[in-house]
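Visitor: below are the sequence and a predicted model for it; my questions follow.
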Amino acid sequence: MTNNRIYIPQQPVQPISTGKDNVKRSANSTKSKFGQVLEQNLRGQLKFSQHAQQRLQARNIELSSSDMEKLEQAVGKAREKGSRDSLIIMNDLALLVSVKNNTVITAVDGQNIKENVFTNIDSAVIV
């Protein structure tokens, strides 16, 4: 009887120490870069709900770029303290912000602030 099997001696695959170290470093740097970009995008882009947009338009309230910067800084401060829903008072304007979702929920101008009760907030930031 003839044996037609071919035997190929297999050598174990050995890791190359420099290649493995480089892969680990690049993976860690990729994770940190991704986390940084994600965090910047989450913090930097404050959104306005449909309701907030309607309130701003109905009351002829316009936010300048400096107002937006102040608002984003206030939201950042609230986030650092662990806030989830915050009332931000800026000049003659009150904004209810979901810090968790990075979204302005509603806006109230100075004339209507006195008549409102703000509930379900865990912080207030005065700018």
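Guide: Right, received. Where do you want to start?
Visitor: beyond the helix or strand bottoming out on mean pLDDT in the chain, next helix or strand please.
Guide: Counting by mean pLDDT, DSSP states H and E, the chain has its least confident helix or strand at helix 17-44, which shows a mean of 57. Once the chain leaves helix 17-44, the next helix or strand it forms, by DSSP states H and E, is strand 47-48.
Visitor: now the helix or strand just after that next one - C-alpha only, PDB.
Guide: Later in the chain than strand 47-48, the nearest helix or strand by DSSP H and E is helix 50-58. Extracted as PDB, the C-alpha positions of helix 50-58 are listed here (Å, rounded to 0.1, in the frame of the first residue of the first chain):
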ATOM      1  CA  GLN A  50     -37.600  72.200  17.600                       C
ATOM      2  CA  HIS A  51     -39.400  73.700  20.600                       C
ATOM      3  CA  ALA A  52     -36.400  75.900  21.600                       C
ATOM      4  CA  GLN A  53     -36.100  77.100  18.000                       C
ATOM      5  CA  GLN A  54     -39.700  78.100  17.900                       C
ATOM      6  CA  ARG A  55     -39.400  79.900  21.200                       C
ATOM      7  CA  LEU A  56     -36.400  81.900  20.000                       C
ATOM      8  CA  GLN A  57     -38.100  82.800  16.700                       C
ATOM      9  CA  ALA A  58     -41.400  83.800  18.300                       C
END
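Visitor: and the next element down the chain from helix 50-58?
Guide: helix 65-80.
Visitor: show me what that next one is packed up against.
Guide: Applying 3 or more Cβ pairs under 8 Å, 6 or more residues apart in numbering; DSSP states H and E, one finds that helix 65-80 contacts helix 17-44, strand 85-90, strand 93-98, strand 123-126. To be clear about C-beta, it is placed using only N, CA and C from the backbone, and glycine gets the same treatment.
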